[in-house]
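*Asks:* What follows is a predicted protein model with its sequence.
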Amino acid sequence: GQQLNQSPQSMFIQEGEDVSMNCTSSSIFNTWLWYKQDPGEGPVLLIALYKAGELTSNGRLTAQFGITRKDSFLNISASIPSDVGIYFCAGQTDNAGNMLTFGGGTRLMVKP
Amino acid sequence: GAVVSQHPSRVICKSGTSVKIECRSLDFQATTMFWYRQFPKQSLMLMATSNEGSKATYEQGVEKDKFLINHASLTLSTLTVTSAHPEDSSFYICSAIGGGTGNEQFFGPGTRLTVL
């Protein structure tokens, strides 16, 4: 099925640095979601975006719903070691039975 | 609230045997449950959508006779991998929506299946 284009695939950064990752799609989504997955666990929702242009923060995380509804980015400020994990974007459309389409994931590694 | 559990968390089986994985919504009634498969270093791929009391809808390329899904109650869906083979080894994750959760999918912790 369709998959969102997520980049970068991986990042290795120093603790304290800011991180940015993004997703693009050829299709429009009504909702953009960002998840974090730790090894051996299911994904956990970080931020949900419901309106084009919406900018939402959750602590050190900030995400935006692109104005074209075909893209979104996630920023993490002042990274800490526990930010390590895989981050996934996901798009959802109202007319697809609440199905989610996931990006390929961004593997984040933080060096203390 | 909105907790989803999976059992077992890990299972190892011999090739040719069948394995059942349970997905439960603990504090809400799940009208719809989704089953995903995730291979190492890859993303989640939707296998099927399951609505309580009706047949599951499978994604293209997913064999319904091999991956049997039963959503018999509003809190339980099961995925049975029949005649498992080593290539079925993967991380299986369920999610659920319903009962006031809106459209948000709540994910289970996943089940690691290893077929020898």
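*Replies:* Right, received. Where do you want to start? On a predicted model such as this, the values are computed, not experimentally measured, just so you know.

*Asks:* Quick check on the closest residue to chain B within chain A: phi, psi?
*Replies:* Nearest residue of chain A to chain B (CB to the nearest CB) works out as residue A:42 at 3.8 Å. Bear in mind the C-beta positions are built from the backbone N, C-alpha and C, glycine included. Here is the backbone geometry of residue A:42 (degrees, to the nearest 10): phi -80, psi 160.

*Asks:* Leaving out the residues flanking it, which one is nearest to it?
*Replies:* Nearest non-adjacent residue to residue A:42, counting by CB to CB, 6 or more residues apart in numbering or on different chains: residue B:107, 3.8 Å away.

*Asks:* tell me, how many neighbours does that neighbour end up with?
*Replies:* 23 (other CB atoms under 10 Å in any protein chain shown).

*Asks:* before we move on, what about the one 4 residues further on?
*Replies:* Each residue near residue B:111 was counted by other CB under 10 Å, and the total is 23.

*Asks:* which ones are touching it?
*Replies:* B:6-11, B:21, B:91-93 (CB atoms under 8 Å, 6 or more residues apart in numbering or on different chains).

*Asks:* Helix, strand, or coil at residue B:33?
*Replies:* When classified by DSSP: H, G, I helix; E, B strand; the rest coil, residue B:33 comes out as strand.

*Asks:* who in chain A is up against chain B?
*Replies:* Contacts of chain A with chain B, taken as CB under 8 Å from any CB of the partner chain, map to A:1, A:3, A:31, A:35, A:40-45, A:48, A:88, A:92, A:94, A:97-100, A:102-105, A:107.

*Asks:* Can you say which of the residues you listed are buried?
*Replies:* Among the residues of chain A next to chain B, those classed as buried by 16 or more other CB atoms under 10 Å in any protein chain shown are A:31, A:35, A:41-43, A:45, A:48, A:88, A:92, A:98-100, A:102-105, A:107.

*Asks:* closest point of chain B to chain A, which residue?
*Replies:* Closest point on chain B to chain A, by CB to the nearest CB, is residue B:107, at 3.8 Å.

*Asks:* in the sheet, who's paired with that residue?
*Replies:* As for beta bridges, residue B:107 partners with residue B:95 under DSSP bridges.

*Asks:* No further questions, thank you.
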